[in-house]
Every structure is written in structure tokens, then in C-alpha cells.
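J.: After the sequence you'll find the predicted model.
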Amino acid sequence: MLDTNVVVDYLLGREPGCSDAAKMIAMHAACEHAVYVSALSLKDAYFIVAMQLKRMERLATGSLSEGMARAANEVAWSCVRQLIENTIVLATGRAESLQAFVLRAAHADFEDDLVVATALGNGIDLLVSNDAELIKHAPIACLASSDAVAFLTAESAGI
């Protein structure tokens, strides 16, 4: 399961997460490994992509026209659609929300705890995150994206 930060790295082309996420999504497409994302990560990714594109336009031109704002939103919609088509999206509901409060004692980041609770509630084997603190505190196997790619590649090769 990809953490929100890996999803955002992928969509914004930020390295190293972008290439690593692309490799994992390709493994999913090749039926080597299932790749999951939380529906909440899609919401956050939409917001961050649209916001970042608008910010880039403001920095480049000094303003943001209504047309450019609509274009940024349209790109964000397309990014989310691409993720939906190329991963398995998991719901986060009441049980996961309550579980996040239990996880708070080890890692007091509500968004991360929701992702972890969603992973735990769905029997996910591996969480992929580029958040060093989450990697240290996650009550589930959690690897940085580069380590996850190496692990999954070796596993697919039977090593």
C-alpha cells in the first residue's frame, strides 16, 4: 500500500518517490504485486496536485487566471483517475478512524494513522512511505519506496 506522500511524489514527478511508485504500479499492472492506495490519499493527492500547479503558475506569472485554476483542477482530476485505474483503492471508514486513535500513542500523525489503520484493516503486507518517522513507528512492515522496489523486485524474482 502506498502512503500519501509516495502517491503525491508520483503525481508531481518528485524523486525518488516518483520512479519508485511508477515501478510498483508497473508491477501491479503486470500482476506481480497488488498495489493499494487509500481513498483518503486520493483526496489529499487531488488537493496537493491542484494547489501545487496553481502555486507554480502564480510564481511563474505573478497571478492565477480563472482558466488556469480550472486547468490545474482538471489535471488533478486526471491524476486521481489514473491512480484509480492503476491501483486498488481501499475505503477508510469508522473502524479505521477509531483505530487511528489507538495508533496515536506510537505515531501522533492522524493522516498517517488513518493510512496505517486502513492497511491493517485490509490485511496489507507492506506499507510504502518516504516518511522516516512513520517507517520507524509503523506497526506494520513499512519501507521507503526505494527499499520497497528492491524488496518486491527480489521477491518477484524468487530471491
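T.: Sure, I can see it. Numbers count the residues shown, from 1 in each chain.
J.: The lengthiest helix in the chain: which residues count as buried?
T.: For the chain, the longest helix by residue count, based on DSSP state H, is helix 39-61. Within helix 39-61, the residues scored as buried using 16 or more other Cβ atoms under 10 Å are 40-42, 44-46, 48-50, 52-54, 57. For glycine as for every other residue, the C-beta is placed from the backbone atoms N, C-alpha and C.
J.: And for stretch 107-114?
T.: Buried residues in stretch 107-114, counted by 16+ other Cβ under 10 Å: H107, D109, E111, D112, D113, L114.
J.: Please tabulate those residues in CSV and include secondary structure as additional columns.
T.: Putting the buried residues of stretch 107-114 into CSV (DSSP: H, G, I helix; E, B strand; the rest coil) gives the following:
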residue, secondary structure
H107, coil
D109, coil
E111, helix
D112, helix
D113, helix
L114, helix
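J.: Go ahead and confirm S38 touches A117.
T.: No: contact criterion Cβ atoms under 8 Å: S38 and A117 do not qualify, at 9.3 Å.
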